[in-house]
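> any chance you can model this:
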Amino acid sequence: MRRAFRIVAGVLGVAVIGLNLPFAITSFTDDAESIHRLHFLAGVFASGLLLGGSLLICARRPESTIGPFWVAVSTGVASTIAGLISGDFISGGWFTAPISLVILIALHPARSSLLRID
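Sure thing, here's the model as predicted:
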């Protein structure tokens, strides 16, 4: 279970960063995309750092990193809400966040401590 969680969290973390970073770079190099610069940079910081970065931290030590896991969960919930509000939930690919979160919660090796308040 631990190994599966680490693999899924690591792959998702790298995918989130890898899918957001090229858009931000393109917005600085292509004049036609410069109008989207702020949007793409916000995506890199919000999705890339908060979601992707926290998933990579969780992949390294899943049992001792409950905080970063909840950062990833809250970022995934926020992106799900954004996709629903925008009306682009399916065609924009926003549905991947809740599916990924359910899978990660199911695979988390310290699942019993996720909801425990210390």
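> against which helices or strands is the least confident helix or strand in the chain by mean pLDDT packed?
The least trusted helix or strand in the chain, going by mean pLDDT, DSSP states H and E, turns out to be helix 37-43, with a mean of 85. The contact analysis (3 or more Cβ pairs under 8 Å, 6 or more residues apart in numbering; DSSP states H and E) places helix 37-43 against helix 2-29. Heads up, the C-betas are built off the backbone N, CA and C, glycines and all.
> now the residue nearest to the spatial centre of the chain: how far from A97?
Centroid-nearest residue in the chain: L51, 3.1 Å away (criterion: Cα atoms, centre = their mean). Separation of L51 from A97 (Cβ to Cβ, to the nearest Å): 8 Å.
> again, but for A9
As judged by Cβ to Cβ, A9 and A97 stand 14 Å apart.
> wait, the residue nearest to the centre of the chain sits on S79?
Yes. Using Cβ atoms under 8 Å, L51 makes contact with S79 at a distance of 7.4 Å.
> can you measure across stretch 41-55, start residue to end residue?
When the termini of stretch 41-55 are compared using Cα to Cα, to the nearest Å, they are 19 Å apart.
> ok, now stretch 29-41?
Using Cα to Cα, the two ends of stretch 29-41 sit 13 Å apart.
> report the buried residues of it.
When neighbours are counted by 16 or more other Cβ atoms under 10 Å, the buried residues of stretch 29-41 are found to be E33, F40, L41.
> then stretch 87-104?
Buried residues in stretch 87-104, counted by 16+ other Cβ under 10 Å: F89, W94, T96, A97, S100, L101, L104.
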